[in-house]
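K.L.:
need the 3D shape of this:
(one chain, ligands or ions: 1)
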Amino acid sequence: MFSSLSDRLTATFKGLRGKGRLTEADVDTTVREIRRALLEADVALPVVRAFTGSIRERALSAEVSQALNPAQQIVKIVNEELIGVLGGQTRRLRFAKNPPTVIMLAGLQGAGKTTLAGKLGKHLKDTGHTPLLVACDLQRPNAVTQLQVVGQRAGVEVFAPEPGNGVGNPVEVARRGVEHARDKQYDVVVVDTAGRLGVDAEMMQQASDIREATQPDEVLFVVDAMIGQDALAVAQAFQEGVDLTGVVLTKLDGDARGGAALSVATTTGRPVLFASTGEGLADFEVFHPDRMASRILD
Ligand code: GDP
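P.N.:
Predicted coordinates for the structure are as follows:
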């Protein structure tokens, strides 16, 4: 991913190498190339504008004009700005003082929430926790069975609706799931919720009701990295609808150009915590903004 962005930036910076001083025209040429690269990487236009605006401002300041090697200084600035937009330092999960910690997953249908619930369950188990997955996606046929299958694969318990468990009512299932975790001393609850193909008022209301009922410590927006220009509107809707605490990018193994990472992080103002890189349980990584920025610039 990000290959077109990194190639273009490399080419642009190569052109500047060896220049002792940069004129305003040089800066503008560079910023234009960065802008083109970001657009090619499918970063949403308003995000590109904001990003290149800060780069231009810093590129025209004394920190660049007085630098020994202005081109290198611009690379450094782009790197810093990318890291900043992607969340700064690596952001770990926040655990509740009084368990269970509740992690709610939200996002469009097909984003990869159910798959991620299994991966997160495994990750939590591997790091010494006793997680419980709660199946609140009662919208998509088979989502409950799918969660049970990934739970089994990950060796993690699944709380699913059955008579007496609030069948048909996802908010009730979520509430009972958290109660069950408290009773049985699971220390983390991962709540899988329903998505729709597009942003939908009923889905958002349901997600918001689940948030209210479970008081999660983390509300993670699960988003397909291939979403492209739609990233901005969808991320904005989820941020307003359920008040996110973090982002998980999925399908980073595909040929996504990576723009979604910047668009979603900028739009929500929330850090990216994890990346999903395949269909298998092991295809899961803690997201490091600095590593991603280096990957973009390499
Ligand atoms: P949900 O509707 O949000 O719960 O989405 P699912 O978890 O059912 O995922 C939708 C599809 O995407 C499934 O076929 C998954 O196997 C696939 N999927 C999920 N995460 C990834 C990923 O990181 N990479 C790839 N290549 N496929 C993924």
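K.L.:
check which element follows the helix or strand bottoming out on mean pLDDT in the chain along the chain.
P.N.:
Within the chain, no helix or strand scores below helix 3-16, which has a mean of 64 by mean pLDDT, DSSP states H and E. Counting by DSSP states H and E, the next helix or strand C-terminal to helix 3-16 is helix 24-40.
K.L.:
other SSEs contacting that next one?
P.N.:
Here helix 24-40 touches helix 3-16, helix 45-59, helix 70-85, going by 3 or more C-beta pairs under 8 Å, 6 or more residues apart in numbering; DSSP states H and E. The way it works is simple: take the backbone N, C-alpha and C, and place the C-beta from them, glycine included.
K.L.:
check these for me and report the most buried one.
P.N.:
Sort the helices and strands packed on helix 24-40 by mean neighbour count, taking mean count of other C-beta atoms under 10 Å, and helix 70-85 sits at the top with a mean of 19.
K.L.:
show me where the stretch 101-250 of the chain has its strands.
P.N.:
Assigned by DSSP state E, counting those that start in this stretch, the strands in the stretch 101-250 of the chain fall at 101-106, 131-136, 157-159, 188-193, 218-224, 246-250.
K.L.:
what's the closest of those strands to the ligand?
P.N.:
strand 246-250 (4.3 Å; C-beta to the nearest ligand atom).
K.L.:
what packs against that closest one?
P.N.:
Here strand 246-250 touches helix 113-126, strand 218-224, helix 259-268, strand 272-276, going by 3+ C-beta pairs under 8 Å, 6+ apart.
K.L.:
any idea how far the ligand is from the nearest residue to residue 167 once chain neighbours are set aside?
P.N.:
Computed as C-beta to C-beta, 6 or more residues apart in numbering, the closest residue to residue 167 that is not its neighbour in sequence is residue 161, at 4.5 Å. As defined by C-beta to the nearest ligand atom, to the nearest Å, residue 161 lies at a distance of 16 Å from the ligand.
K.L.:
then residue 125?
P.N.:
18 Å.
K.L.:
what sits against that residue?
P.N.:
By C-beta atoms under 8 Å, 6 or more residues apart in numbering, the residues touching residue 125 are 131, 154-156.
K.L.:
and what of residue 202?
P.N.:
Contacts for residue 202 (C-beta under 8 Å, 6+ apart) come out as residue 196.
K.L.:
per-residue pLDDT, it?
P.N.:
Looking at residue 202, its pLDDT is 92.
K.L.:
could you do residue 96 as well?
P.N.:
For residue 96, the pLDDT comes out at 96.
K.L.:
count of residues packed around residue 261?
P.N.:
Residue 261 has 30 neighbouring residues, counting by other C-beta atoms under 10 Å.
K.L.:
now swap in residue 24 and tell me
P.N.:
Residue 24: 11 surrounding residues under other C-beta under 10 Å.
K.L.:
hang on, it packs against residue 61?
P.N.:
No - the pair residue 24 / residue 61 is not scored as a contact, 11.8 Å apart, by C-beta atoms under 8 Å.
K.L.:
show me the shaky parts of the stretch 51-200 of the chain.
P.N.:
The stretch 51-200 of the chain contains no residues with pLDDT under 70.
K.L.:
for residue 246, which residues make a bridge with it?
P.N.:
residue 220 (DSSP bridges).
K.L.:
send me stretch 215-235 as PDB with only the CA atoms.
P.N.:
Extracted in PDB, the C-alpha atoms of stretch 215-235 (Å, rounded to 0.1, in the frame of the first residue of the first chain):
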ATOM      1  CA  GLN A 215     -20.800   2.200  28.600                       C
ATOM      2  CA  PRO A 216     -17.700   1.000  26.700                       C
ATOM      3  CA  ASP A 217     -14.200   2.000  27.500                       C
ATOM      4  CA  GLU A 218     -13.300   1.800  23.800                       C
ATOM      5  CA  VAL A 219     -15.500   2.400  20.800                       C
ATOM      6  CA  LEU A 220     -13.500   1.300  17.800                       C
ATOM      7  CA  PHE A 221     -14.500   2.300  14.300                       C
ATOM      8  CA  VAL A 222     -13.700  -0.700  12.000                       C
ATOM      9  CA  VAL A 223     -13.100   0.600   8.500                       C
ATOM     10  CA  ASP A 224     -12.100  -1.100   5.200                       C
ATOM     11  CA  ALA A 225      -8.900   0.600   4.000                       C
ATOM     12  CA  MET A 226     -10.200   0.300   0.400                       C
ATOM     13  CA  ILE A 227     -13.100   2.700   1.200                       C
ATOM     14  CA  GLY A 228     -11.400   5.500  -0.700                       C
ATOM     15  CA  GLN A 229     -13.100   8.900  -1.000                       C
ATOM     16  CA  ASP A 230     -16.200   7.700   1.000                       C
ATOM     17  CA  ALA A 231     -14.000   7.500   4.100                       C
ATOM     18  CA  LEU A 232     -14.700  11.100   5.100                       C
ATOM     19  CA  ALA A 233     -18.500  10.900   5.100                       C
ATOM     20  CA  VAL A 234     -18.700   7.500   6.800                       C
ATOM     21  CA  ALA A 235     -16.100   8.300   9.400                       C
END
